[in-house]
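**Student:** With the sequence up front, the predicted model follows.
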Amino acid sequence: MRPNLAVVPDTATLRKARGAFFTPDAIAEFTTNWAVRSADDLVLEPSCGEAAFLTQAVRRLTELQAATGTLTVPPRVDGVEIHDASAAEAERLVRAAGGDPRIFTSDFFLVKPEPKYTAVIGNPPYIRYQDFSGEARTRSREAALQAGVNMSGLASSWAAFTVHSALMLRKGGRLALVVPAELLSVNYAAEVRRFLFERFARVDLVLFTERVFAEVQEEVVLLLADGYEEGSAKHASIFQAQNAAALSETLAVTTWTPTDPAEKWTPSLLSADALSVYSGLLQSGDFTTLETWGDTTLGMVTGNNKYFAMSPERAAELGIAESELLKLSPPGSSHLRGLTFTSDAWRALGKKGSATYLFRPSGEPSDKAQEYIDAGETAGISAPVSV
């Protein structure tokens, strides 16, 4: 029995701080139906929040039990939740749905891997690396290392969470998670991509053409990984859906085979016809990837573009010397619509008031630069510049 807990107000700000975003019912239902296939499946929802997936699991298990004539006891489902009030509410909701919940109040990264679950389902917390630090980051990296995955210091919370979730599966188990589309493209997810292909016999991805989480700007994909420790996946099946409601329809599917699972999976975003042309061009030997000529990387991270990036007019107003500035392609990409970005185009943007300079003084700032630094510190701006 769970002890009575004082009601702690939960606000949008607090939920965002711990990376909690409510999942649309259509997504929870779809992923649960995919992952839960037998009346005796044992299901875990890490970071269960208020049990969007666990209540769907109870529904699904009840249907499967009824179909096999084994509906004798309430379906048991397990969950982990770091927030006391949400954990209590999850337990109440699962019982109201007819299930037998075991909800553990804990940081999921402190839960020792116990490979006993048939299905692990859910929506991992999404906390960007800037806010994911200290002991929380240390625990996440230690958890991922148990699977031999060394997480970058730039990794957001979902990455290690995905790896740790897989370690809860028994052989042949299934992982169904809602993860950021960063999985496909960011450098820090390279080892997560490799891990998924090496540990699962099959990897499916469901992509959306419309945003499905209204309260966040992040695009998401549904990660459906099957056959844990039953072989290595050779390709990924890519399903396209317009939005969450379209998951009930027959989805278009393509097959994509990466040359190296750790490399970016962005080609999977192409349509079937475009992917065929792209693959043919690479195999012909007449074309090559841009990386053959040089690396393209995120060059500058400021933490506060409004302070560090400035227009020529603003730099002149502050009296900042050009020697304490770096030329910058302005934040955003609306001005990058061609194959080239020339010096003339850069100067034209500056004349229009775009932020074409990055404030980057030397170790001994000028008096004007020091005044600007002092004003920034007074305003509470302390984010470092990384170039």
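**Tutor:** Thanks, I have it.

**Student:** Show me how this structure divides into domains.
**Tutor:** 12-282, 305-378 (automatic domain parsing).

**Student:** So what's the gap between the first one and the chain middle?
**Tutor:** Going back to what we said before, that points to domain 12-282. 10 Å (CA atoms, centre = their mean, to the nearest Å).

**Student:** The shortest one too?
**Tutor:** What separates the centre of domain 305-378 from the centre of its chain is 31 Å, taken as CA atoms, centre = their mean.

**Student:** on that earlier part again, of the domains of the chain, flag the one that's most buried.
**Tutor:** When those are scored by mean count of other CB atoms under 10 Å, the highest mean neighbour count falls to domain 12-282 (a mean of 19). From N, CA and C alone the C-beta is placed, and that goes for glycine too.

**Student:** Just the mean pLDDT for it, thanks.
**Tutor:** For domain 12-282, mean pLDDT rounds to 88.

**Student:** And stretch 338-345, by the same measure?
**Tutor:** Mean predicted confidence for stretch 338-345 is 87.

**Student:** start to end distance for that stretch?
**Tutor:** 11 Å (CA to CA, to the nearest Å).

**Student:** Could I get the contacting residues of the nearest residue to Ala147 once chain neighbours are set aside?
**Tutor:** Setting aside the residues directly before and after it, Ala147 is nearest to Val163 in space (CB to CB, 6 or more residues apart in numbering), at 5.0 Å. Going by CB atoms under 8 Å, 6 or more residues apart in numbering, Val163 touches Ala143, Ala144, Ala147, Val149, Met151, Val192, Phe195.

**Student:** Just the closest of those to Asp273, please.
**Tutor:** Ranked by distance to Asp273 (CB to CB), the contacts of Val163 are led by Val192 at 28.9 Å.

**Student:** tell me which element that closest one falls in.
**Tutor:** Val192 belongs to helix 190-199 when elements are defined using DSSP states H and E.

**Student:** And the contacts of that helix?
**Tutor:** Outside helix 190-199, the residues that touch it by CB under 8 Å, 6+ apart are 147-151, 159, 162-163, 166, 183, 203, 223, 225, 228-229, 232-233, 258, 261-263, 265.

**Student:** and of the domains of the chain, who's closest to Thr288?
**Tutor:** Short answer: domain 12-282, nearest of these by CB to CB, at 7.6 Å.

**Student:** so where's the longest helix in this structure?
**Tutor:** Identified as the longest helix of the chain according to DSSP state H is helix 52-68.

**Student:** for that helix, packing partners?
**Tutor:** Helix 52-68 sits against helix 25-35, strand 43-45, strand 76-81, helix 84-96, strand 117-122, with contacts defined as 3 or more CB pairs under 8 Å, 6 or more residues apart in numbering; DSSP states H and E.

**Student:** now these in TSV, with distance to Ala52?
**Tutor:** Shown next, in TSV, are the helices and strands packed on helix 52-68 (distance: least, CB to CB, whole Å):
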stretch	distance to Ala52
helix 25-35	5
strand 43-45	8
strand 76-81	11
helix 84-96	9
strand 117-122	8
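
**Student:** So which of those is nearest Tyr188?
**Tutor:** strand 117-122 (21.0 Å).

**Student:** After the closest one, which helix or strand is next?
**Tutor:** Following strand 117-122 toward the C-terminus (DSSP H and E): helix 134-145.

**Student:** what residues does that next one touch?
**Tutor:** 107, 109-110, 129, 132, 150-151, 153, 155, 157, 159-161, 163-164.

**Student:** ditto for stretch 261-271
**Tutor:** Contacts of stretch 261-271 (CB under 8 Å, 6+ apart): 183-185, 190-191, 193-194, 196-198, 205, 207, 233, 236, 238, 254, 256, 258, 275, 278-279.

**Student:** How about stretch 227-236?
**Tutor:** Taking CB under 8 Å, 6+ apart as the rule, stretch 227-236 contacts 166, 169-175, 196-205, 225, 255-258, 261, 265, 268.

**Student:** Strands of the stretch 201-350 of the chain, residue ranges please.
**Tutor:** Per DSSP state E, counting those that start in this stretch, the stretch 201-350 of the chain carries strands over the ranges 220-228, 236-241, 252-256, 309-310, 325-327.

**Student:** Including distance to Arg137, could those strands go into a markdown table?
**Tutor:** Output for the strands of the stretch 201-350 of the chain, formatted as a markdown table (distance: least, CB to CB, whole Å):
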| stretch | distance to Arg137 |
| --- | --- |
| strand 220-228 | 22 |
| strand 236-241 | 29 |
| strand 252-256 | 32 |
| strand 309-310 | 27 |
| strand 325-327 | 29 |
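
**Student:** and the longest strand for the protein?
**Tutor:** Determined from DSSP state E, the single longest strand within the chain is strand 169-180.

**Student:** what does the helix or strand following that one rub up against?
**Tutor:** Next helix or strand after strand 169-180 toward the C-terminus (DSSP H and E): helix 182-185. Residues outside helix 182-185 that contact it (CB under 8 Å, 6+ apart): 156, 158, 189, 192-193, 205, 218, 221, 223, 264-266, 268-269.

**Student:** Name the nearest of those relative to Val73.
**Tutor:** Leu223 (31.2 Å).

**Student:** my read: Leu224 touches Leu205, true?
**Tutor:** Yes - counting by CB atoms under 8 Å, Leu205 is a contact partner of Leu224 at 7.3 Å.

**Student:** Dump stretch 144-153 to CSV, keeping only the CA atoms.
**Tutor:** The C-alpha coordinates for stretch 144-153 follow below in CSV (Å, rounded to 0.1, in the frame of the first residue of the first chain):
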residue,chain,number,x,y,z
ALA,A,144,24.1,4.0,-19.7
LEU,A,145,27.6,2.7,-19.0
GLN,A,146,26.0,-0.5,-17.6
ALA,A,147,25.1,-1.2,-21.3
GLY,A,148,28.5,-0.2,-22.5
VAL,A,149,27.2,3.1,-23.9
ASN,A,150,29.3,6.1,-23.1
MET,A,151,27.0,9.2,-23.2
SER,A,152,28.4,12.5,-24.4
GLY,A,153,28.3,15.5,-22.0
